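Undergrad: Below are the sequence and a predicted model for it; my questions follow.
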Protein chains: 2
Amino acid sequence: MVQIVESRVRDRRREILRAASDVFRVRGFHAAGMRDIARRLGIAVGKLYYWFENKQELLAFCQEDCLTALLQTADRARELDADAPACLWHLVVGHLLCLNEWSPGSLAHLEVESLAEPHRARIQALRDRYEERVRGVVADGVRAGRFRHDIDPKVATLCVLGSANWSVKWFRPGGALPLRRIARAFADQLVRGLVSNPESWSPPTDGPFSVEAPDE
Amino acid sequence: MVQIVESRVRDRRREILRAASDVFRVRGFHAAGMRDIARRLGIAVGKLYYWFENKQELLAFCQEDCLTALLQTADRARELDADAPACLWHLVVGHLLCLNEWSPGSLAHLEVESLAEPHRARIQALRDRYEERVRGVVADGVRAGRFRHDIDPKVATLCVLGSANWSVKWFRPGGALPLRRIARAFADQLVRGLVSNPESWSPPTDGPFSVEAPDE
DNA sequence: GTAGAATCTGAACAATGGTTCAGATTGTGG
DNA sequence: CCACAATCTGAACCATTGTTCAGATTCTAC
């Protein structure tokens, strides 16, 4: 019963999130106002304040939605029981697909400093948790000898996440290159730069994120 | 004579740019207002409008300043007469040093969509020119057999620039890791992911950007 | 059919921030 | 010393945006 109510609340909030995401893409994240979002939904602006306390809560909801999805891709990559290079490869692919195809909140994800307390701490904790997942894969790989011993897992993780995150700035659906090809190429380059046997290593050919999807 | 006047105008405008940069860092790029910038300089807000037509011109000036510096690092890397992997390596290092140490306008550099016409077209042309420089190095390397033949120079360039650009979001002077070490590690990973002989390739040990600077 | 809960409206309010400009101040050349 | 140019001031104006809330509408349970 309570679950049904909560599900309805979440559905309504996610509907607003999707409208917000549309406005983020059209006007830019920082130029997106509450009136624009309400107009996008065809509702009065006051209604937004029935479902969200204020704009900050809406932004936090967007970022949380995206981070939840990213953490889920990390979980699925982990579940593969693959070695660290393959696991990291899937993580990179998953990150790009998540930001550019699955997660409507991804534009908000980039805006690290747009949140103030109290939302900021909670969202930062989620970001840290996700980054720790990625770094854990890299560190495991170094320990197992699958990644070079002279890399710093923290720095390598920052390099990986930077490339993936920045893709939101330039990738456009329907562009010259399909997203999955870009995702594989990024994953190839970033992982190959870390493995201890780059000349014999080859990237995975299957996995959980439909990398051979119908855009080829 | 005219040169002296232009130099004075530029000096004044760069002084304002540095104040703007300070405010960008403290308040975040999008929360930085003209009053804040004027306060930072201890001047009346109207003075800003004596030297800049409006806020957009100031933002464009910041981005142009940063892009000019980036193009200069690309020129210096090119002048080395090194092969493509070494050249790209220096470009990556130069990019990170430029954004995080030399160029006060770097926070503005990230904000691709904050500019409207007519400034946007001019700045976008500079961005394209810089990206073309980087991509040219990658394409040359593929042609010469120094980079893998199966990479797409455009995608590889986007991967490289994404990592480097995103560093502005998290790097802090005085942090746990010195900038040059981070820059070298990024360049190592990104170039090693592209070279055709990653197991025998080793990164440059000297170059134009003081990578062995006194932070070690 | 009705009471009460849930949901919604949209004008008004307050705050913010970009910009203007009449007038003031400073600098410079004759 | 003075005219004129260059530079500067800061209050006021205007537009925008987040938010509120009294009241309206819709929904639901009895």
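TA: Thanks, I have the structure now.
Undergrad: So what's the gap between stretch A:141-157 and the chain middle?
TA: In terms of CA atoms, centre = their mean, to the nearest Å, the centre of stretch A:141-157 is set 23 Å apart from its chain centre.
Undergrad: is any part of that stretch close to chain B?
TA: Yes. Judged by CB under 8 Å from any CB of the partner chain, stretch A:141-157 and chain B are in contact via A:Ile151, A:Asp152, A:Lys154, A:Val155, A:Ala156. Where C-beta positions appear, they are placed from N, C-alpha and C, glycine not excepted.
Undergrad: repeat for stretch A:196-215
TA: Yes. Applying CB under 8 Å from any CB, one finds stretch A:196-215 touching chain B at A:Asn197, A:Pro198, A:Glu199.
Undergrad: follow-up on the earlier one: what's the closest of the residues of stretch A:141-157 next to chain B to DNA strand D?
TA: For the residues of stretch A:141-157 next to chain B, the minimum distance to DNA strand D (CB to the nearest atom of the strand) is 35.3 Å, reached by A:Lys154.
Undergrad: Sketch out the low-pLDDT regions of chain A for me.
TA: Residue ranges of chain A with pLDDT under 70: A:1-5, A:210-216.
Undergrad: Near chain B, which residues of it are found?
TA: A:28, A:30, A:112-114, A:151-152, A:154-156, A:158-167, A:169-170, A:177, A:181-182, A:185-186, A:188-194, A:197-199.
Undergrad: Filter the residues of stretch A:196-215 next to chain B down to the buried ones and hand me the PyMOL line.
TA: To isolate the buried ones among the residues of stretch A:196-215 next to chain B in PyMOL, judged by 16 or more other CB atoms under 10 Å in any protein chain shown, type:
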select buried, chain A and resi 198
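Undergrad: Go ahead and confirm A:Trp51 touches A:Arg13.
TA: Yes. Counting by CB atoms under 8 Å, A:Trp51 does reach A:Arg13; the two are 5.6 Å apart.
Undergrad: Just want to know which of the two has more residues nearby.
TA: Remark: of A:Trp51 and A:Arg13, A:Arg13 carries more neighbours, 17 against 14, as counted by other CB atoms under 10 Å in any protein chain shown.
Undergrad: From A:Gln63, how far off is that one?
TA: Remark: distance between A:Arg13 and A:Gln63 (CB to CB, to the nearest Å) = 13 Å.
Undergrad: for A:Trp89, same thing?
TA: With the distance defined as CB to CB, A:Trp89 ends up 26 Å from A:Gln63.
Undergrad: Over to A:Trp51?
TA: 17 Å.
Undergrad: again, but for A:Ser7
TA: According to CB to CB, A:Ser7 and A:Gln63 sit 21 Å apart.
Undergrad: Those two: which is more packed in?
TA: The residue with more neighbours, out of A:Ser7 and A:Gln63, is A:Gln63; 26 against 10, by other CB under 10 Å.
Undergrad: contacting residues around the more buried one?
TA: A:Gly105, A:Ala108, A:His109, A:Glu111, A:Leu115, A:Ile123, A:Leu126 (CB atoms under 8 Å, 6 or more residues apart in numbering or on different chains).
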